[in-house]
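Visitor: no sequence for this one, just the structure:
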């Protein structure tokens, strides 16, 4: 307990310029507050890292089939292209939700007994914030899936989708 309060005091004593804190979404905040600290350390980059997963999964869903040589087999099966696209999209959605749920359970729920951040519902808020990344990550994955279907190669689709993520960051 003394170590934790000592660490929090040292974080509170840091005097970063307001511009630096604002760049990471912590303007006017105190880094000794766990919500502000995790906002700077985890949630400033977490959605972008999850978006990288969506770029890889989204562009690989259809463009990966094409480059892997299995698209001809899929095209010969007795179902429509719309169904193929919809099933790939649903698979992408399940993968994104599973990835975020796994991140939330490992990062926050599994470590809760080993830290004292459970006060004031902080763990619940962290799990909710992690799962709240789902719309952004699904959007990126959907763009990657679409571009993977229309772009000449998976690399082109990934470059355009990754560029969108960089611009959005």
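Guide: Great, that's in hand. Not measured: the values here are computed from a predicted model.
Visitor: Only C-alpha atoms from now on, for both contacts and neighbour counts.
Guide: Noted.
Visitor: Which element is encountered next along the chain beyond the host helix or strand of residue 90?
Guide: Following DSSP states H and E, one finds residue 90 within helix 81-104. Sequence-wise, the next helix or strand downstream of helix 81-104 (DSSP H and E) is helix 122-131.
Visitor: where does the spatially most central residue of the chain land on pLDDT?
Guide: With distances taken as Cα atoms, centre = their mean, the residue of the chain nearest its centroid is residue 50 (2.4 Å). We have a pLDDT of 88 for residue 50.
Visitor: So which elements touch the helix or strand harbouring it?
Guide: Secondary structure from DSSP H and E places residue 50 in helix 46-68. Applying 3 or more Cα pairs under 8 Å, 6 or more residues apart in numbering; DSSP states H and E, we find helix 46-68 packed against helix 71-76, helix 81-104, helix 134-150, helix 154-168.
Visitor: what residues does that helix touch?
Guide: Outside helix 46-68, the residues within contact range by Cα atoms under 8 Å, 6 or more residues apart in numbering are 71-72, 85, 88, 92, 96, 100, 133, 136-138, 140-149, 153-154, 157-158, 161-162, 165, 169.
Visitor: Just the buried ones from those residues?
Guide: Buried by 16 or more other Cα atoms under 10 Å: 85, 88, 92, 96, 100, 133, 136-138, 140-149, 153-154, 157-158, 161-162, 165, out of the contacts of helix 46-68.
Visitor: got the end-to-end distance for stretch 128-142?
Guide: One end of stretch 128-142 to the other measures 22 Å (Cα to Cα, to the nearest Å).
Visitor: ok, now stretch 69-88?
Guide: Terminal residues of stretch 69-88 are spaced 17 Å apart (Cα to Cα).
Visitor: Rounded mean pLDDT for it, please.
Guide: Averaged across stretch 69-88, pLDDT comes to 86.
Visitor: buried set for that stretch?
Guide: Residues 85, 88 are the ones in stretch 69-88 that count as buried (16+ other Cα under 10 Å).
Visitor: any residues touching it, and which ones?
Guide: Against stretch 69-88 from outside (Cα under 8 Å, 6+ apart): 61, 62, 65, 66.
Visitor: Among those, which one has the most neighbours?
Guide: The residue in the contacts of stretch 69-88 with the most neighbours, by other Cα atoms under 10 Å, is residue 62 (25 neighbours).
Visitor: So it versus residue 137, what's the distance?
Guide: Residue 62 is 18 Å from residue 137, where distance means Cα to Cα.
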